[in-house]
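*Asks:* sequence first, then the predicted structure, then my questions.
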Amino acid sequence: MGLLTPGRRESSRHLSVRLSPHASFLQGRCTTSQSSAALGFLEPKAASFLGIPKSLRRGGVGAWHRLSQVPDEWSEEVLCEGSSFESEQESVWRDYESTATWTPASCLSRPFPFAAKYLCQMTTDELIQRKEDLQRKELPAMRIRMSWGNSQEATSILTALNYFCENDDNATIHEVGMCGARFDDKEEPLLRGLKLGASPDAIICHGDGTLEVLEVKNHCPFNMNSARSGSRGGNSRNKVNKSTSLATGKYIIRDFALEARVPPQYIPQLMMEIMCVGNSINLEDPSSQAPDCQSAVMVRQTATRGAILLRLQRDEEWISETKYWLGEFKKRFVDADCMPNENFFWSDDPSSRYRKFLDMTKRLSESVTEVATIDNAGIQRQLSEKAGRAPLFLDRVE
């Protein structure tokens, strides 16, 4: 597990394993990428009920294929005991660390608003080359959104690090890989032998011993649909609180109003991370059976409006229902070798168990606690366009 504190990064042995999306570790394991689909949340009727955007909806066939795969015994052993080999990702990270320069604010000659300053080593020629490479690609809208989220993930984690460490000198943020190997199908009869797993973006360890999951979401500022349709402002569905949009070439830059809620499609992800981390790690007493992780913090960060930090509390009733419906998915479709049909769990009866589960999910979405709102000036980025400084948008590289 890597330890992150302002101005310092220490490397030590991972307590869990970093996995690639296609690794054999994921065979037959229900991770957060498949949980919403397996719960039926992304089916047309359930998604409409929850208010999930059409662009995120998909059937449960992908989850069915994943969970129908037979787990690799070697992968299970590595997941439970940790990796003893040097992965390509770890090698790349060490190379990155050797070139990165963190300077504590106390060592700087001028006042600096954050605990440490990071100097990115990149030449102007490298920035121009990166822009030209992107211009040659015609990427689909969803791929662009995902690329934005991936590239901004470290900045969002830094936002959380700066906030929590400013208020707690002993707070640390840790890297973490796949969690959940401790689940035993004999102890979880509702899961019907289904294996679970979750990989949070990080884990927050507060000075008082409290452990929280950290998940970050970066809202892509590009409104591709509106720009490609030739509309300057876009349709009403793509506008956010009637915010101003500026046309820049193929795309439209839009502002996002910060929303103090966790969208329903992310509730399974956060709650499964709480569940898997809480049942895997107890820093004070490793032998304890009591869940040590009782909440998750989500950072929702924008390119122009700053960020909002939200806290979702662990809900045992919701977790129990999730285990039941994931177990039902395994029994009805995976074990029966039957591909799920459209709206496979949906019921028109508002008093049905599944509809009550959807109602509970909507309530959780609205019941989160606002931890903090960070102004855009409070987000630590490198916006200078001098040589060696990366701008926020590559379209400004000449």
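*Replies:* Alright, I've got the coordinates. Predicted model only: the values in this text are computed from it and were never measured.

*Asks:* and C205, what does it touch?
*Replies:* A171, T172, I173, H174, L211, L283 (CB atoms under 8 Å, 6 or more residues apart in numbering). Where you see a C-beta, it was placed from the backbone N, CA and C, and this is true even at glycine.

*Asks:* select from these the one having the most neighbours.
*Replies:* I173 (23 neighbours; other CB atoms under 10 Å).

*Asks:* which SS state does it fall under?
*Replies:* strand (DSSP: H, G, I helix; E, B strand; the rest coil).

*Asks:* the residue lying closest to V299 once chain neighbours are set aside: neighbouring residues, count only.
*Replies:* Once flanking residues are discounted, V299 sits nearest to V216: 4.4 Å by CB to CB, 6 or more residues apart in numbering. By other CB under 10 Å, 24 other residues sit near V216.

*Asks:* A strand includes V216, no?
*Replies:* Yes - counting by three-state DSSP, V216 is found in a strand.

*Asks:* circling back: quickly name whichever of the contacts of C205 is closest to L358.
*Replies:* L211 (29.3 Å; CB to CB).

*Asks:* and K331, how many neighbours?
*Replies:* 13.

*Asks:* for N343, that is, sorry about that
*Replies:* As a burial measure, N343 scores 16 neighbours (other CB under 10 Å).

*Asks:* M146 too?
*Replies:* 13.

*Asks:* three-state assignment of it?
*Replies:* Here M146 is recorded as helix under three-state DSSP.

*Asks:* quick one: it from D125, how far?
*Replies:* From M146 over to D125 the distance is 27 Å, taken as CB to CB, to the nearest Å.

*Asks:* check A336 too.
*Replies:* 58 Å.

*Asks:* ditto for L258
*Replies:* Distance from L258 to D125, counting by CB to CB: 37 Å.

*Asks:* those two: which is more packed in?
*Replies:* Remark: of L258 and D125, L258 carries more neighbours, 19 against 9, as counted by other CB under 10 Å.

*Asks:* now the phi/psi pair for that one, please.
*Replies:* With angles defined as degrees, to the nearest 10, L258 sits at phi -70, psi 130.

*Asks:* quick one, what contacts the closest residue to it other than its chain neighbours?
*Replies:* Closest residue in space to L258, ignoring its immediate chain neighbours: I308 at 4.3 Å, by CB to CB, 6+ apart. Listed by CB under 8 Å, 6+ apart, the contact partners of I308 are L258, E259, A260, V299, R300, E370, A372, T373, I374.

*Asks:* hang on, the last one packs against Y163?
*Replies:* Yes - checked against CB atoms under 8 Å, the pair I374 and Y163 is within contact range at 6.6 Å.
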